[in-house]
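S.K.: quick one: sequence plus predicted model below, questions after.
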Amino acid sequence: SMYESWDEGTFGDMPDLSHRNPYVYAEILKLTRWLVEEVGFDGFRYDYVKGYGANTITAIQEYRYMRDGKPFSPYGVAEFWGDARSIENWVDLANFSNSNPVDAFDFPLREMLKALCDQYGFSLRNLATWESVLQKQPLTTVTFVENHDLRDEGRPIVNDKLLAYSYILTHEGYPCVFWHDYFNYDLALDGTLNGIAALVRAHEKYAGGGTQT
């Protein structure tokens with residue numbers, strides 16, 4: 001394309017859009033406006049953000065949406081699958097002049113959580129030293145234990161998964177609970193003191209302030 005100068009490749013067999021083409025750019029914003037204002041979306045999960053410029057996300061986040069006659073700002077979280085430094089750099093780029101900042105999933109932290117649950121002899125010292133996005137940018141970090149990609153790639157957490165949920169629901173960041181874990185794999189254990197539901201209640205009622213390890 002005569003417009004594109006930032007393109008890190010395509011995703012699967014999906015069309016490779018030129019986001020800098022003014023027509024494409026405008027149509028994307030028309031779509032997001034329709035999703036927010038008419039369909040009722042509260043926010044977006046941005047897939048494969050490595051594949052296009054961060055300014056596209058900034059524009060979607062900052063667009064002046066209206067709902068019920070009032071300004072509305074959607075929530076946004078980006079999937080940048082990489083190491084902590086790469087994710088931090090992307091977040092800095094997307095939020096440099098962004099009045100509605102976007103968050104990012106903490107993939108390095110999830111690697112630590114898998115090691116915590118599945119690795120024999122895992123040292124708890126790692127909880128304080130493991131490099132993660134949460135360590136550096138807790139205010140823009142979405143922590144998670146499992147997602148569809150990791151499960152489908154055969155890399156799920158196998159043992160003591162509630163240890164991992166205990167970590168993300170008692171630390172900074174914006175914890176994300178995986179639907180399958182809560183409902184399909186019965187880790188909610190609602191009505192007991194032992195499952196995700198109890199951890200969520202504790203997070204909502206008691207969590208606040210900084211964490212000391």
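M.R.: Cool, the structure landed. Residues are numbered from 1 along each chain as shown.
S.K.: buried set for the worst-scoring helix or strand of the chain on mean pLDDT?
M.R.: Taking mean pLDDT, DSSP states H and E as the measure, the helices and strands of the chain show their lowest mean at helix 148-152, namely a mean of 86. Buried positions in helix 148-152, judged by neighbour count with 16 or more other Cβ atoms under 10 Å: L150. C-beta coordinates here come from the backbone N, C-alpha and C atoms, glycine included.
S.K.: where does this protein dip in pLDDT?
M.R.: 1, 4-10 (pLDDT under 70).
S.K.: can you pull out the helices in it?
M.R.: Ranges of helices within the chain are 22-34, 54-62, 84-95, 107-118, 126-129, 133-136, 148-152, 161-168, 179, 196-206, based on DSSP state H.
S.K.: dead centre of the chain: give me the residue that sits there.
M.R.: A centroid search over the chain (Cα atoms, centre = their mean) returns F105, at 3.1 Å, as the residue closest to the centre.
S.K.: and the gap between that one and Q119?
M.R.: 21 Å (Cβ to Cβ, to the nearest Å).
S.K.: go on, D16?
M.R.: For D16, the distance to Q119 - Cβ to Cβ - is 38 Å.
S.K.: cool, D149 as well?
M.R.: From D149 to Q119 the distance is 21 Å (Cβ to Cβ).
S.K.: ditto for S132
M.R.: 16 Å.
S.K.: I57 is in contact with L93, correct?
M.R.: No. The criterion here is Cβ atoms under 8 Å, and L93 misses it with I57 at 9.3 Å.
S.K.: looking at those two, which is more packed in?
M.R.: I57 (22 against 14; other Cβ atoms under 10 Å).
S.K.: setting the sequence-adjacent residues aside, check what's closest to the more buried one.
M.R.: A94 (5.1 Å; Cβ to Cβ, 6 or more residues apart in numbering).
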